[in-house]
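Participant: my questions concern the predicted model and sequence given below.
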Amino acid sequence: MALDLQKYLSLYVAEAAEHLAGFGKDLVRLEEAARQGGGEGARDAIDSCFRHAHSVKGMSASMRFDGIAALAHRAEDLVDVFRKDPARLDARAIDLLLGAGDLLQEMVQGASRGEPVAADGPAMERLADAARRLREGGRLADAPPAAPAPSSARAELPAPAASLAAPASSPDARAEAPRSDGRGGARRVQVDVEIAGSCPVPAVRAFLVVKKLAALGTVARSSPSVDELKAGRIPEKKLSVLLESGESLQALERALAQISDLAAVALREVEEGQPAAVARDAAAPQGEPQRTVRVRTEILDGFLDAVGELILATARIREIGRALPQESRAPLDEGVDRLHAIVKDLHDKVMTVRMTPLALVTERLPRAVRDVARKLGKQIEVEVKGAEIELDRAILEELSDPLLHVLRNAADHGVEPPHLRLLAGKPATGRVTVHARRDRDRVILEVADDGRGMDPVRLRAAAVARGALTAEQAAALGDREALLLACLPGVSTAETVTDVSGRGVGLDAVKRTVESVGGTLEIESASGAGSRVTLRLPLTVAVQPVLLVRVADEVLGLPIAKVHGAAQVAMSQLDRSRGGPVLPYDGELVPVHDLDRLLGFPSAASDERAVVVADGADGRIGLAVDALLGQHEAVLKPLGSPLDAVAGLSAVTVLGNGRPVFILDVQRLLAA
């Protein structure tokens, strides 16, 4: 590869990976649409698949990865058969295309490592033979082994271009234009949206609407403009967009239905006689590529660490200033306050850059569940809601595998085979729903299925057989606590161990990972009606507000997100239940634990204690401490060995006076 193309390699790899992920997602959507009789949904998926394959072909040819471009061209040819006649859609053809997408992904990753990417002859022959047989009216289910493709079938590669994508003026670029409605051009649609009154950030929600519409056509006009939305201005929480698109009104409605916090959506097609706004809004998302850059995640991580050190340094300067005479402190305090405001604003901007839509993780889930379902002989649909919700990239990276574990468990253990579902009066096709929503400074992520549900009795028995609990301890657990036994290492109710699940390690790993980023896991289930796994996640793990408390001579921190309140009480005056003190709080009795005893510190001499009410594994719990020291904005640092093995510690921070403070993980502390 020529040296002048090397600088575009990282951009090529990132964009090709995005297109191939979309290619696989659309194929799964196409398979589902075909199972439901095709229609507009199938045609939309076919067109999207074609655009993804076409883009990968053009980008790869521009980078002179001829092997990747040739295979993408063969995949594009096969999809083109369906574009011309959707009735020729074939299940085996989708399998071939999914396999080609996986192979293209491997080749792209190989190119990123500098490996040669020669054309895969057998894969290209299979795709070419499938396209030929389908054009001739045959079915792939009856097809003999693919014959070698003739030499004249060599892929036509576009000439290298300055852009990684095919130029808009090229003949092949016609495939990427919006589909016509049969009247000689794309339809013009007026979209009026009202943001819900409860939405905390209406301008951001409106910007997501414009961005979603921009992906489906050309935004000719937006009121308020995108620049106004970015500045937080949206009068009366109403948005009006004029869109030029080949998509149907139903397709546009379905796309907008994926965005939460919309009180009302109205779409109407603009009459032909009305003047069309040809020029794009200069502030619309399509006009912004030249102002967008891709930044390596390592740079962002280093940037965030530097900002965290600035926050700590600012706190240190403030602490030193308290030792100065009162008459000298005013100018210093004023300067430190100004510095703190600037650093806080800088931190917020860095965190905004790090925030990533949940779609980065959820886009691959339908394909993963589809593969598991095919292997197990099941039919499963996956629905994702709230994929536009944003989380810190660091949390998303940790969340990817655990979420896949939960989905695979739902597909394997939860959803029944078609014949058993029919006998139970259910549809043959099972359903798994992934739903994300914001709740203050947390993200609630729910994975639900309509399968057989989890059996608390069998989980108790499995835990006893594993030696995790005694029979008496298991019998004392309620059903809600018994469901969480599925998260114990080695506990599984699967009758057989497969390469999908059954070893009792999936939910154990999920729970540990979720708690490591400051989240919690809950399980609900009803026999015959399905199960629901709920992950409660923080928005970010880098800087969090913590409540500082004193226990004996130590200062410790509790995450504010898990604290409900605090009270000053006399321990001897508290009522007792099950041998321990309980605190009346918010209409319920909260069990109180001495934090000094849990940590092995000397017991407090005073009967007067501060009790912090926080989230525990099974509800609210109280932690008795010697004193409350106030709230602190903590730059959290991960614990290294051997401290990472100490139960009850999740992170460490440094106060302005240079004193290190451990952050407690209450649930792990109580379980230890």
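Facilitator: Right, received. Where do you want to start?

Participant: okay, and the beta partners of residue 660?
Facilitator: Beta-bridge partners of residue 660, counted by DSSP bridges, are residue 654.

Participant: that one against residue 643, yeah?
Facilitator: No: if you go by Cβ atoms under 8 Å, residue 660 and residue 643 don't touch, sitting 10.5 Å apart. (C-beta placed from N, C-alpha, C; glycine too.)

Participant: tally up the residues packed near residue 340, please.
Facilitator: Residue 340: 17 surrounding residues under other Cβ atoms under 10 Å.

Participant: coming back round to it: shared neighbours of residue 660 and residue 643, anything?
Facilitator: residue 652 (Cβ atoms under 8 Å, 6 or more residues apart in numbering).

Participant: how about the helices in the stretch 451-600 of the chain?
Facilitator: With DSSP state H, counting those that start in this stretch as the criterion, the stretch 451-600 of the chain has helices at 456-466, 471-476, 479-483, 506-516, 595-599.

Participant: list the buried ones in the second one?
Facilitator: Neighbour counts over helix 471-476 (16 or more other Cβ atoms under 10 Å) mark residue 474 as buried.

Participant: quick one: distance of that helix to the chain centre.
Facilitator: Averaged C-alpha coordinates place helix 471-476 at 37 Å from its chain's average position (Cα atoms, centre = their mean, to the nearest Å).

Participant: so residue 221 is in which element?
Facilitator: Per DSSP states H and E, residue 221 falls inside strand 218-223.

Participant: which elements pack onto the helix or strand that that strand is followed by?
Facilitator: Next helix or strand after strand 218-223 toward the C-terminus (DSSP H and E): helix 226-230. Packed against helix 226-230 by the contact rule (3 or more Cβ pairs under 8 Å, 6 or more residues apart in numbering; DSSP states H and E) you find helix 202-214.

Participant: residues in contact with the helix it packs on?
Facilitator: 191, 193, 195, 199, 219, 222, 224, 226, 228-234, 237, 239, 241, 243, 245, 252, 255-256, 258-262, 284-286, 388.

Participant: in ChimeraX, how would I select just the buried ones from the residues you listed?
Facilitator: The buried residues among those can be selected in ChimeraX (16+ other Cβ under 10 Å) with this line:
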select :191,193,195,199,219,222,224,226,228,229,234,237,239,241,243,245,252,255,256,259,260,261,262,284,285,388
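
Participant: hmm, residue 134 is touching residue 87, no?
Facilitator: No: counting by Cβ under 8 Å, residue 134 stays clear of residue 87, with 10.3 Å between them.

Participant: neighbour count winner among those two?
Facilitator: Taking other Cβ under 10 Å, residue 134 and residue 87 do not tie; residue 134 has more neighbours (21 against 6).

Participant: look up how far residue 16 lies from the more buried one.
Facilitator: Distance, residue 134 to residue 16, by Cβ to Cβ, to the nearest Å: 26 Å.

Participant: which SSE is the residue located most distally from the centre of the chain in?
Facilitator: Taking Cα atoms, centre = their mean, the residue of the chain most remote from its mean C-alpha position is residue 327, at 52.3 Å. Under the criterion of DSSP H and E, residue 327 resides in helix 326-354.

Participant: ok, residue 566 touching residue 611?
Facilitator: Yes: contact criterion Cβ under 8 Å: residue 566 and residue 611 qualify, at 6.5 Å.

Participant: from residue 313, how far out is residue 303?
Facilitator: For residue 303, the distance to residue 313 (Cβ to Cβ) stands at 16 Å.

Participant: likewise residue 589?
Facilitator: Spatial separation of residue 589 from residue 313 under the definition Cβ to Cβ is 45 Å.

Participant: can you check residue 515 too?
Facilitator: 30 Å.

Participant: which residues does residue 314 contact?
Facilitator: The contact partners of residue 314, by Cβ under 8 Å, 6+ apart, come to 336, 339, 340, 343.

Participant: now do the same for stretch 215-222: mean pLDDT, whole number.
Facilitator: On average, the pLDDT along stretch 215-222 is 84.

Participant: show me this protein divided up by domain.
Facilitator: 3-176, 187-286, 297-356, 358-538, 543-671 (automatic domain parsing).

Participant: by mean pLDDT, show me the worst of those.
Facilitator: Comparing mean pLDDT across the domains of the chain, the weakest is domain 3-176, with a mean of 72.

Participant: ok now that domain, how far from the chain's centre?
Facilitator: The answer for domain 3-176 is 26 Å, by Cα atoms, centre = their mean.

Participant: give me the most central residue, the chain.
Facilitator: Ranked by distance to the mean C-alpha position of the chain (Cα atoms, centre = their mean), the top residue is residue 358 at 2.6 Å.

Participant: for residue 216, see how far away residue 227 is.
Facilitator: Taken as Cβ to Cβ, the span from residue 227 to residue 216 is 21 Å.

Participant: neighbour count: the two, which is higher?
Facilitator: Each of residue 227 and residue 216 has its neighbours counted (other Cβ under 10 Å); residue 216 has more, 18 against 13.

Participant: wait, is the more buried one part of a strand?
Facilitator: No: secondary structure of residue 216 (DSSP: H, G, I helix; E, B strand; the rest coil): coil, not part of a strand.
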